[in-house]
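Visitor: structure for the following, please:
(chains A and B)
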Amino acid sequence: MVKFYGLLRRRLRAATVEVAGEDLTVLALLRRTEEQSGQSFMDELLDRETGLLAGTIILINGENIRLRQALQTMVKAGDRLDLFSPAGGG
Amino acid sequence: MNGWMGKIVRIDLGNLKRETVAVSDEMRRRYLGGRGLGVKLYSDLCSSATDPFDDDNALIFMTGPLTGTLMTSGRYQVVSRSPLTGTICDSSSGGQFGAALKGAGIDGLIIQGRAAGPVYLSVHDGEVDVRNASAFWGLDTQKTQKGIQAELSSKASVACIGPAGENRILFAAIMNDKDRAAGRGGLGAIMGGKNLKAIAASGSRPVAISDPEEYKALADRLERIVDKNPVTGKSLQVLGTSVLVNIINAHGMFPVENFRRGVFNDAEGTSGEKIAETLLQRQSACYKCPIGCGRTTRTRDKQGEGPEYETVWAFGAHLGISDLPAITEANYACNELGLDTITMGSTLGCAMELSETGAWKETLRWGESGKLLEWVTDTAYRRGIGAELALGSKRLAAKYGRPELAMQVKGLEIPAYDPRGAQGMALSYATSNRGGCHMRAYMIGPEILGHPVFLDRFSTAGKAELVALFQDVSAVVDSAVLCRFLQFAVGISTFTEMLRTVTGLDFSDEELMTIGRRIYTLERLFNNRAGFNRGDDTLPPRFFNEEFQTGPSRHRRVRLEEMLDDYYAVRGWDRNGAPRPETLAELGL
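Guide: Numbering: from 1, shown residues only, chains lettered A, B, ... in the order given. Model (predicted):
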């Protein structure tokens, strides 16, 4: 399950998407999510040249992918992805 | 003089004597203004023997060299000794009031003594008038501001207390420009103790700028930078600070029911997204702020400001409450009565756990949103159980024999990030000079939000250096004075550039960092003299002894001892947390 928050949710007008497929990288899963939802959103999360935008948070089951293999982290069936575009507060 | 207005007025409310305080160019350069200069002046005037409610105690309202100039510069700082914590305390507020004080011709006001009856101060054209406030005593903050504006000018910016400050509630806020709050530390109670209901400022004296051409170019460049940044240019504008509810909850560190769990099942229902969908009328912004993180909202019956992230949590997850309109109306009530929402909510959570354990016979139940307004209002008036809640969590828990149930550091309640989920934030809370505060070193930046770099939140490595660095930068921003949210878009070199352009002084990044360190160390010196030391640089035992059983922060404890000695070493303090003589010499203290 891929869960969108904040600005992404407003842009996609959806909170969650179930994405079919197993053993994909995060990057491949994001591409598949775009295809499946029919809407692009990667520009909110990624920089074409450097990968993840500063401030983008992608969690797999609550763990930040930056602590694993970032966009190349493998996603397993049943995993939950939380996607947050850069945000702040205090 | 460029940047500063060059006038700080000291007034004794007892004998109405006024004088201009001499501040040397050197002192301005060493402490800037705002928090830094405020703490310096306070330390020179008052000792650690001064009780916050002594007539002699000074309450200092201070702006900085950037106040009233470039973007986000409407803020002001209030400095005194906190009646809640006994530490040195500065409390910051946005709106227009800081810029208005400078427009009125002064950099700051030092208030001592106690008026014989209710008064307010009117600052205009560099002069301070003392006026009768009997007609406003007893009124809430909104009616007070409107009443004083009707008496003086609709253009006056008013900072005032509500009934909570009048009743010397230990966590009374000072409210200005409708709903902006100098909330933390209870400095509103000191105003009440001095019979000072409000300060009004008006005028249009310009702040002299050293390099007007460069100033214009810098202002334009800052606009572009802030607009392009996804946090300041988009997220904060659309969703406000409560965008953090889902983020922090997803990390399993959104404190639930007095920090007993880290995942709130109904976080979505109290999120920034939900506020935007249901209650939001429009965003609101402070003086020259292109961000506009403020939320003007409406419930079925009422309209007001908020809730911000910390308040959503304090009256929400912390109490097991998911009724967003009830949370919002409790926020409105705090604004009107003049109470700090974080301490109010946190104290209620402490009370609920005391009640659940049977330590306190009063019945306050988790999730009981229907009584929120009554509890908040009774606290401001010390009525019924409100008289107990008015103690704040530390005194309340101690009174009922369970001090460990107060989620506080040095007497100030910690806010909406469970320190078990971010080790650097734990160190930041523990070593904060004003107690459990997230604004001294916002380690949530690197540990959760990936700003300015991403760090492993469960690691303690390198956190001591970064906490000290963040504390120093924060002291600079609070002394300039600017909004801390500007830090999402720019760093220290931009602050240096802003100060150079406005004042014409050749500040460097290194000098500013030394200024930050000097301010932080001076605050620490005051606290040391007031009896605070290593033993106070700690957290409630819950964070060392109890683990969450579920969620992404499960099975974690705070490992403060792995960081504290390193932190003292980085700071040049001894093992007991006292600045070493060579450190003081290096900083000219």
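
Visitor: for the rest of this, base every contact and every neighbour count on C-alpha atoms.
Guide: Fine.

Visitor: from the stretch 301-450 of chain B, which residue is nearest to chain A?
Guide: Of all residues in the stretch 301-450 of chain B, B:Gly450 sits closest to chain A, at 4.9 Å by C-alpha to the nearest C-alpha.

Visitor: need the pLDDT of that residue.
Guide: On the pLDDT scale, B:Gly450 is placed at 94.

Visitor: how many neighbours does the residue of chain A found nearest chain B have?
Guide: Nearest to chain B in chain A, going by C-alpha to the nearest C-alpha, is A:Gly89, at a distance of 4.2 Å. When neighbours are counted by other C-alpha atoms under 10 Å in any protein chain shown, A:Gly89 registers 24.

Visitor: and the gap between the closest residue in space to it that isn't next to it in sequence and B:Glu127?
Guide: Leaving aside its sequence neighbours, A:Gly89 sits nearest to B:Thr241 (C-alpha to C-alpha, 6 or more residues apart in numbering or on different chains; 4.2 Å). Applying C-alpha to C-alpha, to the nearest Å, the value for B:Thr241 to B:Glu127 is 38 Å.

Visitor: okay, those two: which has more neighbours?
Guide: B:Thr241 (25 against 13).

Visitor: and that one, what does it touch?
Guide: Shown in contact with B:Thr241 (C-alpha atoms under 8 Å, 6 or more residues apart in numbering or on different chains): A:Gly88, A:Gly89, A:Gly90, B:Gly272, B:Cys293, B:Glu308, B:Tyr309.

Visitor: next, it: phi, psi?
Guide: The phi/psi pair for B:Thr241 (degrees, to the nearest 10) reads phi -70, psi -20.

Visitor: who's in contact with the nearest residue to B:Asp266 once chain neighbours are set aside?
Guide: Distances taken as C-alpha to C-alpha, 6+ apart place B:Ser322 nearest to B:Asp266, at 6.2 Å, with adjacent residues excluded. By C-alpha under 8 Å, 6+ apart, the contact set of B:Ser322 is B:Asp266, B:Ala267, B:Gly269, B:Thr270, B:Gly316, B:Gly367.

Visitor: with B:Leu449 instead?
Guide: Counting by C-alpha under 8 Å, 6+ apart, B:Leu449 makes contact with A:Gly55, A:Thr56, A:Ile57, A:Pro86, A:Ala87, A:Gly88.

Visitor: and the gap between it and B:Arg580?
Guide: Remark: distance between B:Leu449 and B:Arg580 (C-alpha to C-alpha) = 35 Å.

Visitor: one more: B:Met175?
Guide: 39 Å.

Visitor: in terms of neighbours, single out the busier of the two.
Guide: It is B:Met175, of B:Met175 and B:Arg580, that has more neighbours when counted by other C-alpha under 10 Å, with 32 against 16.

Visitor: average pLDDT for the helix or strand that one falls within?
Guide: B:Met175 is part of strand B:174-176 when elements are defined by DSSP states H and E. Here strand B:174-176 scores 98 as its mean pLDDT.

Visitor: contact residues of chain B facing chain A?
Guide: Chain B has residues B:230-231, B:235-236, B:238-244, B:246-247, B:250-252, B:272-273, B:309-310, B:438-439, B:442, B:445, B:449-454, B:456, B:485, B:488, B:551-552 near chain A, with proximity defined as C-alpha under 8 Å from any C-alpha of the partner chain.

Visitor: let's see it at 7 Å
Guide: B:230-231, B:235-236, B:241, B:243-244, B:250-251, B:273, B:449-451, B:552 (C-alpha under 7 Å from any C-alpha of the partner chain).

Visitor: any chance of a markdown table for those residues, columns distance to B:Gly86 and secondary structure?
Guide: Compiled in a markdown table, the residues of chain B next to chain A are given as follows (distance: C-alpha to C-alpha, whole Å; DSSP: H, G, I helix; E, B strand; the rest coil):
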| residue | distance to B:Gly86 | secondary structure |
| --- | --- | --- |
| B:Pro230 | 39 | coil |
| B:Val231 | 36 | helix |
| B:Ser235 | 37 | helix |
| B:Leu236 | 34 | helix |
| B:Thr241 | 29 | helix |
| B:Val243 | 33 | helix |
| B:Leu244 | 31 | helix |
| B:Ala250 | 36 | helix |
| B:His251 | 34 | coil |
| B:Glu273 | 38 | helix |
| B:Leu449 | 33 | helix |
| B:Gly450 | 34 | coil |
| B:His451 | 33 | coil |
| B:Pro552 | 36 | coil |
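
Visitor: ok and the residue in the stretch 451-589 of chain B nearest chain A?
Guide: Chain A sits closest to B:Pro552 of the stretch 451-589 of chain B, with a gap of 5.1 Å, by C-alpha to the nearest C-alpha.

Visitor: ah, wrong one, I meant chain B
Guide: Closest residue of chain B to chain A, C-alpha to the nearest C-alpha: B:Thr241 (4.2 Å).

Visitor: run through who's touching the longest helix seen in chain A.
Guide: Criterion DSSP state H: the longest helix present in chain A is helix A:26-37. In this structure, residues lying in contact with helix A:26-37 by C-alpha atoms under 7 Å, 6 or more residues apart in numbering or on different chains are A:Val19, A:Ser40, A:Phe41, A:Leu71, A:Gln72, A:Thr73, A:Met74, A:Val75.

Visitor: so what strands line up beside the strand holding B:Met175?
Guide: strand B:157-160 (antiparallel), strand B:180-182 (antiparallel) (DSSP bridges).

Visitor: for the last one, what is the distance to the chain centroid?
Guide: Centroid separation for strand B:180-182 versus its chain: 8 Å, with C-alpha atoms, centre = their mean, to the nearest Å.

Visitor: quick check: the gap between A:Arg68 and A:Phe4.
Guide: The spacing between A:Arg68 and A:Phe4, counted by C-alpha to C-alpha, is 21 Å.

Visitor: of those two, which one has the most company?
Guide: Neighbours around A:Arg68 and A:Phe4, counted as other C-alpha under 10 Å, are more numerous at A:Phe4. The numbers are 22 against 12.

Visitor: count of neighbours near the spatially closest residue to B:Ile248 that is not a sequence neighbour?
Guide: Distances taken as C-alpha to C-alpha, 6+ apart put B:Phe254 closest to B:Ile248, at 5.4 Å, once the chain neighbours are dropped. The number of residues packed around B:Phe254, counting by other C-alpha under 10 Å, is 28.

Visitor: would you mind putting the strands paired with strand B:174-176 into JSON lines with distance to B:Pro52 alongside?
Guide: Putting these into JSON lines (distance: least, C-alpha to C-alpha, whole Å) gives the following:
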{"stretch": "strand B:157-160", "distance to B:Pro52": "18"}
{"stretch": "strand B:180-182", "distance to B:Pro52": "17"}
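
Visitor: can you put those in CSV and add mean pLDDT?
Guide: Compiled in CSV, the strands paired with strand B:174-176 are given as follows (pLDDT from 0 to 100):
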stretch, mean pLDDT
strand B:157-160, 98
strand B:180-182, 98
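
Visitor: quick one: which of those is nearest B:Leu41?
Guide: When the strands paired with strand B:174-176 are compared by C-alpha to C-alpha, strand B:180-182 sits nearest B:Leu41, at 19.2 Å.
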